[in-house]
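Asker: pasting the structure only:
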Ligand code: CUA
């Protein structure tokens, strides 16, 4: 459905893009209808019942039960529909499928870095296979500013915040280059902080993964202005030495001495084991419960004293704030995730 306004929105590059558009047009037409119901009679009444010589003011009317009932019930029903519909679409676009391929996004002034499972990174070009759920774990460099990852074709947008991870997911069936913008004013070069999501056929993605040459797919949807079309259409040649992200994380845990207090096999050392940690509910010393997600692991590495885990009160883990950059933090988290 395009609600009679087809062409005003970018192409629908994901399943939930259509759901968002339908909701958007529903809201649009609700606004049009209520504008007409309220404003047109108001204009008519202002003219028709204006004060003129010889016309007396009407007697005071205190209320009208039927009228009040109607103008309460109808907007209530409309509001409930908007809420329920919004909830359903929100759920569809935020519930990440369990089998999603994870890619980490690191924003900085003024570029995007993408970090893949095999440890490879790309700048301003996010390579994904089509028809595959992709989970993006987004953050911004330390001491940088807020950015926002925005792909209009996919109807996805999320802030990149220093010191925090946020999540987006999408699954596009459309092979091609989809424009990516920074949607948060972040300084002098904000308007140039663009990139591309390059959606490839699965076989091309495999080739790309192994560093083989591929044909770049065409730009899709929004017109690419000149400065965005800087990517050559020549085959991509990737020969970066690959350091597996999980192995990298394991190495860091050993180099930084994490493994002298935390085991990876469930056995209890000075601190809690990494085994089975990710995604678990952790009880804190004050009795509250937190989910051990990416943000929790980051908090424990950078500010371990902030919230103490029950049973580990009084232990003084030193802060590792500033000792791991964003890519290394991602590697540590990737490593801990595999210990489940
Ligand atoms: Cu980054 Cu605007």
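Answerer: Arrived safely, thanks for sending. All values derive from a computational prediction rather than experimental measurement. Numbering: from 1, shown residues only.
Asker: And the residue nearest the centre of this structure?
Answerer: Residue closest to the mean C-alpha point of the chain, counted by Cα atoms, centre = their mean, is residue 168 at 3.1 Å.
Asker: Could you tell me the per-residue confidence at that residue?
Answerer: With respect to pLDDT, residue 168 has a value of 96.
Asker: now swap in residue 3 and tell me
Answerer: pLDDT at residue 3 comes out at 44.
Asker: Next: residue 80.
Answerer: For residue 80, pLDDT reads 97.
Asker: what's the answer for the one 5 residues further on, then?
Answerer: According to the prediction, residue 85 has pLDDT 97.
Asker: got it, and the one 4 residues further on?
Answerer: Note for residue 89: predicted pLDDT of 96.
Asker: ok, the residue nearest to it when sequence neighbours are not counted - how many residues close by?
Answerer: Leaving aside its sequence neighbours, residue 89 sits nearest to residue 19 (Cβ to Cβ, 6 or more residues apart in numbering; 4.6 Å). Yep, even glycine has a C-beta here, placed from its N, CA and C like the rest. Neighbours of residue 19 under the rule other Cβ atoms under 10 Å: 18.
Asker: what's residue 19 in contact with, if anything?
Answerer: 88, 89, 92, 93 (Cβ atoms under 8 Å, 6 or more residues apart in numbering).
Asker: so which of those comes closest to the ligand?
Answerer: Comparing the contacts of residue 19 against the ligand with Cβ to the nearest ligand atom places residue 93 closest, at 22.2 Å.
Asker: Quick one: residues contacting that closest one.
Answerer: 16, 19, 20, 155, 156, 169.
Asker: ok but the third one is inside a helix, no?
Answerer: Read that as residue 20. Yes. With DSSP: H, G, I helix; E, B strand; the rest coil as the criterion, residue 20 is part of a helix.
Asker: just checking, it touches residue 155?
Answerer: Yes. Between residue 20 and residue 155 there is a contact under Cβ atoms under 8 Å: 4.6 Å.
Asker: which element is the residue nearest to the centre of the chain on?
Answerer: Using DSSP states H and E, residue 168 falls within strand 166-170.
Asker: neighbouring strands for that strand, and are they parallel or not?
Answerer: Using DSSP bridges, the strands paired with strand 166-170 are strand 134-140 (antiparallel).
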